[in-house]
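J.: model this:
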Amino acid sequence: MDLNVAHVSKISTELGKDQRNVAAVVALLDEGATVPFLARYRKEVSGNMDEVAITAVRDRVEELRAMDARREAILKSLEERKLLTEELKKKIEEAETLTKLEDIYLPFRPKRRTRAIIAREKGLEPLAQLLLAQGADDPFAAAKAYINAEKGVASEDEALAGARDIIAEQASEDAVARAAMRQLYFDKGIFISKVIEGKENDGAKFKDYFDWKEPVSKTPSHRLLAMRRGEKEEFLTLRVEVPEDEAIAILERIFVKGGGLCSAQVKEALADGFKRLLSLSMETETRLETKKKADIEAIGVFATNLREILMASPLGHKNVLALDPGFRTGCKTVCLDSNGKLLHHDVIFPHQSEGQIERSAQLVMALCQKFKVEVIAIGNGTAGRETEEFVRGLKLPGVTVVMVNESGASVYSASEAARDEFPNEDVTVRGAVSIGRRLMDPLAELVKIDPKSIGVGQYQHDVDQTALKKSLDDVVVSCVNNVGVDVNTASKELLSYVSGLGSVLAKNIVEYRNQNGSFKTRSELKKVTRLGPKAFEQAAGFLRIPDGKNPLDASAVHPERYSLVEQMAKDIGCHVADLLKDASTRTKIDISKYVTDEVGLPTLKDIMNELSKPGRDPRQKFEAFQFAEISKIEDVQPGMKVPGIVTNVTNFGAFVDIGVHQDGLVHISELSDNYVTDPASVVKTQQRVMVTVLDVDLPRRRIALSMKSNPVIGTRESRNAARAERPHDGGRRDGGRPQGGGPRRDAPQPVNNAMAEAFKAMLAGKKR
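T.: So this is what the prediction gives:
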């Protein structure tokens, strides 16, 4: 696309970036470069912009181009209808925002027949302009000239009424008036939510908004989205209102010029125009703009949480036994090798009869021995904690037991990706495999499902789905390329997120690998069908080949810089492999000698860092976590201090899994001893925290928690804070499925205490 200098200048000013760098980034994006590639391998060109800045450039240039397209469409429409004047064209071309552009176009936009259009058809436009000029002494005398029975104007009153209709519409479409009214709605507008009569009982989850008023300027995104959902589900009505007298006074200051009889007619028209036209238009616009803002905030929260989930510490290459827990239908059990390959699957019933418990114990021990199991992964859904207790009771030597967040496992098990991978296995086997693999490598496994199914969002089903998908895809792409991908083991789903590839090339890479064996060098990628020079340039640096012919193929050094590294090695009299192995050898390199017009110090420093730790994984080292010895919400008591894992961070607090199937809420007021404005500044998804139980509401299955050093237990303030801010889909996993509140694939059964005691006795070698 042609580079628009005005766009570059505007973006440069808005983002505080050099125009040359912005222009270069836009040009490269237009040529097909990706954000991760530019951030990693084109630092000199971009002025060392990071992914956030490059994404901002990309999104802003898209907005400006979309506005230009709208501007052209408006000009074309006006020209075709012979309404375009030089003055109007100038205004349209100078409009800097889409709102301003639409305000200018509004009076000329084709519309249905309105009262003003009908009045104009009756020839009352001149009278309306006469009144608006407010120069005549007697509007009734002026109106006599417009009485025309054939046109339907029978009296002075009818003529004046028609003229007022024209003035009302003209005022409601005036750009200055709309700008002033827009400001009033955002400054002094009030959201008013009320329950629809007769829906009080059915809409109990929206009880907080049955009679709710809150300023537009102060309504947080989660409350606005909650009220809008209540309206959508037909439990609530939602309005935006402003002081009517103040709104009309603003219009009068713009249009009324005196105190005569014509001015009185104008005032009457303005009051009618506000009530009948402008108030509705501004309410709609306010709702749209606040919804857009709420969407941006909610999507931002989702994206931040998703990044933490995807970048969670991987277990790595270990032999894993994975359990998908269940009461009635048993626990699906799978054994995976260190690369995640399915070796065996079975079912155990550790929560039923004594005989079944004993057989389950023997089977698990036998499988661990046969497949040299190093880690047991247990899904944290229904029966998760009970299954963990059973497994830990076996006291398997050298085996680590880990609870795994299974959000989205059921989504994956029924997906096309799962069917392609395991065409001969049922959904229960696929789900258990997913639980085991997401412990081994969360990123590699979670890319196989829709990010929305991971369940770390806030009203994700209510926000703009196109914007949500774009943002979440950006996060996945960023994470995948930041970590890097082993081209010889990666799934096609994981490969599809690599810079420059996509689903078609990812599939072709897997097919080539299946037909020809493992890739030996990065250059061999060029043999893949349809993988041309551009795709190779974008993707090669993010694809790893461990133990390949060229040691640099296992690193993030881009092939375009191999010759540079080889020159470095040659200059100090060693081989490239020596640079990777020996730190003292690397110290002999003076990188300033290799600076050129194309390669600057930022790239050279990246290369040196990569040579010191080739192909390093930026994720933190895995550490096992163990919950407290409580397994159900009935065990939780106020005052308890228990460990937990943050599962979701929202604008009003954080949800924490303490191991009882129902996440507790740490309200924003309980996150710290200090005042907190943004929960994300205190906690992150997957963070391990110590929390204090403030209150347990068993009927509503809600737990109020605190991270303060000395919280006040069980106060009304803390309970009300937790309940008032809780979203209606919060505290859930697996895309909204309530934990502990309903079955996933089987219904929970009561734990038989006698059986549990018998099992403990059996493990201890005692007689019952």
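
J.: and the residue nearest to residue 648 when sequence neighbours are not counted, what is it in contact with?
T.: Residue nearest to residue 648 in three dimensions, not counting chain neighbours: residue 655, with 4.3 Å by C-beta to C-beta, 6 or more residues apart in numbering. The way it works is simple: take the backbone N, C-alpha and C, and place the C-beta from them, glycine included. With contacts defined as C-beta atoms under 8 Å, 6 or more residues apart in numbering, residue 655 is in contact with 646, 647, 648, 649, 663, 664, 665, 666, 730, 731.

J.: domains of the chain?
T.: 5-108, 117-302, 316-455+747-768, 633-725 (automatic domain parsing).

J.: now the second one: mean pLDDT?
T.: This means domain 117-302. Averaged across domain 117-302, pLDDT comes to 94.

J.: thinking again about what came up before, quick check on the residue nearest to residue 648: phi, psi?
T.: Dihedral pair for residue 655: phi -100, psi 140, per degrees, to the nearest 10.

J.: from residue 207, how far out is it?
T.: For residue 655, the distance to residue 207 equals 20 Å [C-beta to C-beta, to the nearest Å].

J.: which SSE is immediately downstream of the longest helix seen in the chain?
T.: Ordering each helix of the chain by length in residues (DSSP state H) puts helix 279-310 first. Following helix 279-310 in sequence order, the next helix or strand is strand 320-324 (DSSP states H and E).

J.: partner strands of that next one, parallel or antiparallel?
T.: Sheet pairing for strand 320-324, assigned by DSSP bridges, gives strand 331-336 (antiparallel), strand 375-379 (parallel).

J.: give me the element the most far-flung residue of the chain relative to its centre is part of.
T.: Computed with C-alpha atoms, centre = their mean, the residue of the chain farthest from its C-alpha average is residue 141, at 63.7 Å. Using DSSP H and E, residue 141 sits in helix 139-144.

J.: what is the subsequent helix or strand relative to that helix?
T.: Heading C-terminal from helix 139-144 (DSSP H and E), you reach helix 156-172.

J.: ok and that following helix relative to helix 279-310, angle-wise?
T.: 20 degrees (axes from the mean of the first three to the mean of the last three C-alpha atoms, to 10 degrees).

J.: who touches helix 156-172?
T.: So helix 156-172 is contacted by 107, 114-116, 118-120, 122, 124-125, 127-128, 130-132, 139-140, 143-144, 146-147, 152-153, 177-178, 251, 254-255, 265-266, 268-270, 272-274, 276-278, 281 (C-beta under 8 Å, 6+ apart).

J.: can you say which of the strands paired with strand 320-324 is nearest to residue 529?
T.: Residue 529 lies closest to strand 331-336 among the strands paired with strand 320-324, at 31.1 Å (C-beta to C-beta).

J.: that closest one: how far from the chain's middle?
T.: Relative to its chain's centre, strand 331-336 lies at 32 Å (C-alpha atoms, centre = their mean, to the nearest Å).

J.: for it, give the mean pLDDT please.
T.: Mean predicted confidence for strand 331-336 is 96.

J.: and if you look at stretch 609-623?
T.: 90.

J.: okay, how far is it across that stretch, tip to tip?
T.: 26 Å (C-alpha to C-alpha, to the nearest Å).

J.: contact partners of that stretch?
T.: 311-316, 443, 482-484, 544, 546, 551-552, 554-557, 565, 579-580, 583, 586.

J.: weed out the non-buried ones from those residues.
T.: 311-312, 314-315, 443, 482-484, 544, 551-552, 554-557, 565, 579-580, 586 (16 or more other C-beta atoms under 10 Å).

J.: among these, which lie within helices?
T.: 443, 482, 483, 565, 579, 580, 586.
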